[in-house]
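Trainee: My questions are about this predicted structure, shown below with the sequence.
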Amino acid sequence: MKGKEGNFDLFIANCYFVSPERAIQRFGRLKSLPLKGKPRFADLNLVSPNSGAHFTPWVFAMSDGCPWLEKIYLTDEDLNVIAEWFPGFWRTVTNIKWSPVEFNTYPGRLSNRVHELPPVDLFVTTADPVLEPPIITVNTVLSLLALDYPANKLACYVSDDGGSPLTFYSLLESINFAKLWVPFCKKYNVKVRAPFQYFSDQEPLIFGGISSDFREEWKRLKDEYDKLQQKIEEATKHSHPYHLNGMFDDFSNIERGDNSSIVKILWEDKDNIPEGLPHLVYVSREKRPKHAHHYKAGAMNVLTRVSGVMTNAPFMLNVDCDMYANNPQVVLHAMCLLLESNHKGEEYAFVQYPQFFYGCLPGDPFGNHLIVIQEYLIRGVAGIQGPFYEGTGCFHRRKVIYGESPVQHKNTRSNINGKNKKLLRPSNISSSVKAAIQVADCSYESNTDWGTKVGWVYGSATEDVLTGLGIHKRGWRTAYLTPNPPAFLGCAPSGGPACLTQQKRAATGLLEILFSRNNPVIATITCDLRFRQCLMYLYLILWGARSIPELCYTLLAAYCLLTDSSFMPTVSENAFLVPASLFIIYNLYTLSEYLRCGLPVRAWWNNQRMARIISSTAWLFGVLSVVLKLLGLSETVFEITRKDQNNQDDGADIDPGRFTFDDSPIFVSGTALVLVHISALGWTLLRAVRNSGFVSRSGLGEIICSAWVVLSLVPFAKGLFRRGKYGIPYSTIFKSKILVGLFIYFCISVSRN
Ligand SMILES: O=c1ccn([C@@H]2O[C@H](COP(=O)(O)OP(=O)(O)O[C@H]3O[C@H](CO)[C@@H](O)[C@H](O)[C@H]3O)[C@@H](O)[C@H]2O)c(=O)[nH]1
Ligand SMILES: [Mn+2]
């Protein structure tokens, strides 16, 4: 089974078409593709819903001679039906979801080419030891050190933007544990290599038939991990847990946001054998109050340069500090794609894994598990030019980050003819520490292309999407990989404040892209961004801006009820069917997506509800902060999301799925909106009672709209009557009431004129 066997691009048409002609129209084009191999099979039966006729679509397999990769183009049956019946309906979204793609990778088949595997640099970013407890970062690092990949081809770099001695101490302490953990994982082929997850599961001890050796080692390692955890916990409690001497000297007198560069080798892998422990390097870049540090993008660029002078691997993985590797074969899976070019000779700029989360609350109460979005949206984009960069769980080609275009890449590749590829990683890195410190200084980037044409791009709080767009703009294709088990798992924030802060930052950052030099429309006209990819980016970056029309519509319903007017047709008119069917179809369709992902109805509802909450609060504030930035009144900031620890209980009545509040102004608009609608509905009811019956101009349409808003904002309605963190603070309610008063006054004065 070598050589030509195996690799094929597979085209499947598994959809119902309105007519066989339509199917031929859509899939006939496949015939003209340059088939290298023989078509494999064609045995799917299609049924035409109109004529009932059966017909067989074409299924093609094209062999490229690469045994470890399959690319499957799927066509979403429901999408086709909808697209057939409702031409033009939800066009932008349909554009994105139209041609989903799935890759199947077979890392096992790479095993006889181990010597050809390239080195990979692994990056972890952390920024705040309080919001991001070091034990979380330590677990992520341990999961990376223990990956199924030759250790002498890996190097792990941790960027600590907090310059925290606690984070440094925790990583230093974890080295001794890593020396036991990594061999243990590889010896017993441990599935989950983040120790906190592995040991939270007692199962390995309960099953029968496992050697007593294993039991003993398991217990020993659990013991060691507990000790490590205790040490870190202890250090967290005391302000000076370690004598500031020797290795800690650099951390004395550090002020937040004002420190020189620190680069320390925590572990240098001198043995240089595949079974060893990868290099581990701690990096805290220089920060000065007068120098913009560009948040995560700045940190990523420093990591790129520091690793550049130390190991300079051709591929770089980056993860957020909470995103541990859940599938030990992530690098191998990524290599199945990165080592290959497709039948047109194109290579992928990066391989993006989805963001999935651990410890998920049932029913996705905060609407942030991203399962459906990733399954339909990102898989769909994967069939256009490729997924956007999600900021974590992504393998980049180093040269692409340095600004290389696909054409340049092809040329250099054919020049070196694949032979001189750098397949070894230096085993001595201590000699380059001095250089590494220099490239981590903040003056290093002045008057260079870093942050514009080179590296992670500055100017947006969503540096990930902006950077990925810069790559697509140069004409690169990218790939989306969804192996089983999921590649990486992280923490999804819970509670109102953390979720809304994260969404506000996303809305801000995405909108900033519209006003950046990477504007997708300009990129399509002047560069190599594809048109459909441009539509996808527009859809994405205008997410937050949707809050403005949405707010207008929600207020419109309340306005009509308060002034006894209407914006909807009445039930007796035929025209009523238009909004009614749109409403029903939209909800049924989105619901079907959740059900097809195996999620409960509750998850669908929670996501719909959170979308309205986020739109009326976080996105609105996101838009506002971009407006302030454009007016030059304030700069946008990257607020770090709190990484919750599961045991963070602070009371008996704990319900982690319940919405929480604090005194942030972000809650004012939502509170005002729910108050407006409750008033409007109350007023309508009163009027109905007084007039004995609904003889008014505003009818069922307006009432349904208003009630839908209240239903979506139920957490706010409940928050009005609760105290503590589940209640809305009085000051917020007070401010909201002023807004409500102004709105009602506006309604009355408009309707009088
Ligand atoms: O000044 C900073 C700020 C943040 N970070 C790191 O950036 C990562 C992401 O920050 P987080 O607060 O966890 O944001 P999330 O909302 O969870 O992040 C999502 O959104 C970000 C912006 O789009 C992406 O960068 C992330 O990869 C993506 O997971 C974390 O590792 C932080 O430590 C820094 O290194 N320096
Ligand atoms: Mn995160």
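Mentor: All right, it came through fine. Ligands and ions are numbered 1, 2, ... in the order given.
Trainee: could you measure residue 103 against ligand 1, distance?
Mentor: 22 Å (CB to the nearest ligand atom, to the nearest Å). In short, each C-beta sits where N, CA and C put it, glycine included.
Trainee: Checking that residue next. Helix, strand or coil?
Mentor: Recorded secondary structure, residue 103: strand (DSSP: H, G, I helix; E, B strand; the rest coil).
Trainee: Which residue does the stretch 351-500 of the chain have closest to ligand 1?
Mentor: In the stretch 351-500 of the chain, the residue that lies nearest ligand 1 is residue 391 (2.3 Å; CB to the nearest ligand atom).
Trainee: I'd say that residue and residue 461 touch.
Mentor: No: in this structure, residue 391 is not within contact of residue 461 by CB atoms under 8 Å, at 10.8 Å.
Trainee: and this structure, which residues reach ligand 1?
Mentor: 125-127, 132, 159, 161, 295-296, 299, 320-321, 391-392, 462-464, 502, 509, 638, 640-641 (CB under 6 Å from any ligand atom).
Trainee: give me that answer again for 5 Å
Mentor: Contacts of the chain with ligand 1, taken as CB under 5 Å from any ligand atom, map to 125-127, 161, 295-296, 299, 320-321, 391-392, 462, 464, 502, 638, 640-641.
Trainee: returning to what we had before: the residue of the stretch 351-500 of the chain closest to ligand 1: neighbouring residues, count only.
Mentor: 23 (other CB atoms under 10 Å).
Trainee: Ramachandran coordinates for it?
Mentor: Main-chain torsions, residue 391, degrees, to the nearest 10: phi 90, psi -20.
Trainee: same question, the one 3 residues further on
Mentor: Dihedral angles of residue 394 (phi, psi; degrees, to the nearest 10) stand at phi -130, psi 130.
Trainee: Which strand or helix spans residue 628?
Mentor: Using DSSP states H and E, the element containing residue 628 is helix 618-630.
Trainee: what does that helix contact?
Mentor: Applying CB atoms under 8 Å, 6 or more residues apart in numbering, the contact partners of helix 618-630 are 499-508, 511-512, 515, 543-548, 551, 634-636, 665-666, 669.
Trainee: what is the mean pLDDT for that helix?
Mentor: Taken as a whole, helix 618-630 has a mean pLDDT of 94.
Trainee: May I have that helix as PDB, with CA atoms only?
Mentor: The C-alpha trace of helix 618-630 is given here as PDB (Å, rounded to 0.1, in the frame of the first residue of the first chain):
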ATOM      1  CA  ALA A 618     -21.600  43.900  24.300                       C
ATOM      2  CA  TRP A 619     -21.700  44.500  20.600                       C
ATOM      3  CA  LEU A 620     -23.300  47.900  21.100                       C
ATOM      4  CA  PHE A 621     -20.400  48.900  23.400                       C
ATOM      5  CA  GLY A 622     -18.000  47.400  20.900                       C
ATOM      6  CA  VAL A 623     -19.300  49.600  18.200                       C
ATOM      7  CA  LEU A 624     -19.200  52.600  20.500                       C
ATOM      8  CA  SER A 625     -15.500  52.000  21.400                       C
ATOM      9  CA  VAL A 626     -14.600  51.800  17.700                       C
ATOM     10  CA  VAL A 627     -16.400  55.100  17.100                       C
ATOM     11  CA  LEU A 628     -14.500  56.700  20.000                       C
ATOM     12  CA  LYS A 629     -11.300  55.300  18.500                       C
ATOM     13  CA  LEU A 630     -12.100  56.700  15.000                       C
END
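Trainee: May I see the buried residues of the next helix or strand after it?
Mentor: Using DSSP H and E, the helix or strand that follows helix 618-630 in sequence is helix 666-690. For helix 666-690, the neighbour count (16 or more other CB atoms under 10 Å) marks 666-681, 683-684, 687 as buried.
Trainee: angle of helix 666-690 against helix 618-630?
Mentor: Counting by axes from the mean of the first three to the mean of the last three CA atoms, to 10 degrees, helix 666-690 lies at 130 degrees to helix 618-630.
Trainee: residues in contact with the next helix or strand after helix 666-690?
Mentor: As assigned by DSSP H and E, the chain's next helix or strand after helix 666-690 is helix 700-712. Outside helix 700-712, the residues that touch it by CB under 8 Å, 6+ apart are 553-554, 557-558, 560-561, 566-571, 576, 579, 608-609, 612-613, 673-674, 677-678, 680-681, 684, 717.
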